[in-house]
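Asker: Return a 3D structure for these sequence lines:
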Amino acid sequence: MIFSRKTDYGLRALMYLADRRARGPVTLNEIAEKLMIPKAFLSKILQQLAKKGVVRSLKGPSGGFVLAADPAELTMQEILVEIDGPTRVFECFATEADCTYSEDCMIRDVFSEVEQKIGEVLAQYTLADFQKHREKTPESAAPAKP
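Answerer: Alright, predicted model coming up:
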C-alpha cells in the first residue's frame, strides 16, 4: 500500500502549522516555499482540510492557515481519512458492490483485518507525537534539497 502524494503534502503542511502554532497564521506561500510543495496543489489540500475543520483559513493582510485543533487531539488516522478517505488495501474493498467476488472472495477477510490493524496503529499516533519525534531528530525536520 502506498499513501498518495496528497497525503504526504497534507501531513507535512499540518506538521509545519503545528510547529508554528503559537506564531499565528502561516501564509500559503510560506508553507509552499519552505516545504517545496506546488502552491496550487497545496492550496487545494488546505482548502479541503479547512472544509473538514482540521485547519482554519483566515483572510486579510495578516491571514493564512492555522490548525483548528490541538495537535495532541489530531490522530494520524483522522488526518489520513480527511485527506484521502479510508485506508484501503484493495479498491474493491470499499463496498461489496465494487467486488465481483464478494460472496466468494478468498482474501477479503484477511485483508479487511489488515485494513483494520493499519487504522488501529494510525489511531495511536497524533500530530503531537510526530512533533515530539522530530524534536529528538531535528535534522529530519527539513526537507531534502534537490
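Asker: ok, and for the helix or strand encompassing residue 109, which residues are buried?
Answerer: For residue 109, the enclosing helix or strand under DSSP states H and E is helix 108-123. If you call a residue buried by 16 or more other CB atoms under 10 Å, then helix 108-123 has these buried ones: 108, 111, 114, 115, 118, 119, 122. For the C-beta atoms, the positions are set from N, CA and C on the backbone; glycine is no exception.
Asker: Grab the nearest non-local neighbour of the fifth one.
Answerer: Computed as CB to CB, 6 or more residues apart in numbering, the closest residue to residue 118 that is not its neighbour in sequence is residue 87, at 5.4 Å.
Asker: Equivalent analysis for residue 62, please.
Answerer: In space, and not counting its chain neighbours, residue 62 is closest to residue 25: 6.5 Å by CB to CB, 6+ apart.
Asker: Go ahead and confirm the one you found touches residue 68.
Answerer: No - contact criterion CB atoms under 8 Å: residue 25 and residue 68 do not qualify, at 11.9 Å.
Asker: show me where pLDDT drops low in the protein?
Answerer: Scanning the chain for pLDDT under 70 picks out 1, 91-103, 133-146.
Asker: ok, the residue lying farthest from the centre of it - contacts?
Answerer: Of all residues in the chain, residue 104 has its C-alpha farthest from the mean position, at 34.2 Å, by CA atoms, centre = their mean. By CB atoms under 8 Å, 6 or more residues apart in numbering, the contact set of residue 104 is empty.
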